[in-house]
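> build me a model:
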Amino acid sequence: MKKYDKPIALLFGFLTILFLVLLLTNTVFLNWVFARHQNQMSWFIRPLFIVPFCYFAYRQSWTGISIIIFAIFASMFWFNQPAIITDDVKAFLQFEIHWLSDTWKLKKVLFALVPLISFMTLGFSCWQRSIWMGLAVIAFMALGKMAWGIAQAGEPGKSMKIPATIGLLFCLSCIYFGFKQLEKRKPTNK
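Have a look, this model is predicted:
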């Protein structure tokens, strides 16, 4: 599988970029994705991808990492549009649609780079097997997303607090205990 690691990773990297380009340039696609993203199951499932992302970075698998990144974005539309949508969820997603659709100036580009840099740092820390750095990055990512949502969207931004907090606690515990198990299995050099 190592032989195909980078070509498969490039394929999923391309698919991720294609998804983002469509999301940012095609209003019909953007509205369809966000209509389905109103289903909060997609909010709860997205943080769970952090666990396999860390695992594949630990295993140094470019394929695994790129598939997980693609799945994080694609999971926005995996669930049907819900029949009942709270006002806060509607308002927050409308804010996100407006934010994505509005003019991209330097400040917005810098904000958009934060998740990319965060994932790169998380991947690097797991690749290097630095659990404490990885756990700190995960906490920063979750708390940063919540702070950004509340600061930018106001009261509707608080609608992500429960999914983000549950996802954070789940990820921290799974990664901590998973890392300990993987480290126990490593052969020791004597």
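> residue nearest the centroid of this structure?
residue 72 (5.2 Å; CA atoms, centre = their mean).
> low-confidence ranges in this protein?
1, 187-190 (pLDDT under 70).
> max-length helix in this protein?
helix 161-185 (DSSP state H).
> residues contacting the closest residue in space to residue 76 that isn't next to it in sequence?
Distances taken as CB to CB, 6 or more residues apart in numbering place residue 37 nearest to residue 76, at 4.5 Å, with adjacent residues excluded. For glycine as for every other residue, the C-beta is placed from the backbone atoms N, C-alpha and C. Counting by CB atoms under 8 Å, 6 or more residues apart in numbering, residue 37 makes contact with 43, 76-77, 93.
> redo that, cut-off 7 Å
76-77, 93 (CB atoms under 7 Å, 6 or more residues apart in numbering).
> likewise for residue 168?
47, 138-139, 142.
> of those residues, which belong to strands?
If you go by DSSP state E, these have nothing in strands.
> which SS class is the nearest residue to residue 61 once chain neighbours are set aside?
Among residues not flanking residue 61 along the chain, residue 5 sits closest, at 6.4 Å (CB to CB, 6+ apart). What DSSP: H, G, I helix; E, B strand; the rest coil gives for residue 5 is helix.
> contacts only, for residue 5.
Taking CB under 7 Å, 6+ apart, one finds 61-63 in contact with residue 5.
> quick check: the residue nearest to the centre of the chain touching residue 48?
No. Look at residue 72 against residue 48 with CB atoms under 7 Å: they stay out of range, at 9.6 Å.
> ok, back up a step: out of the contacts of residue 168, which are buried?
47, 138, 142 (16 or more other CB atoms under 10 Å).
> any idea which of the residues you listed is the one closest to residue 123?
Taking CB to CB as the measure, residue 123 lies nearest residue 138 of those, at 11.6 Å.
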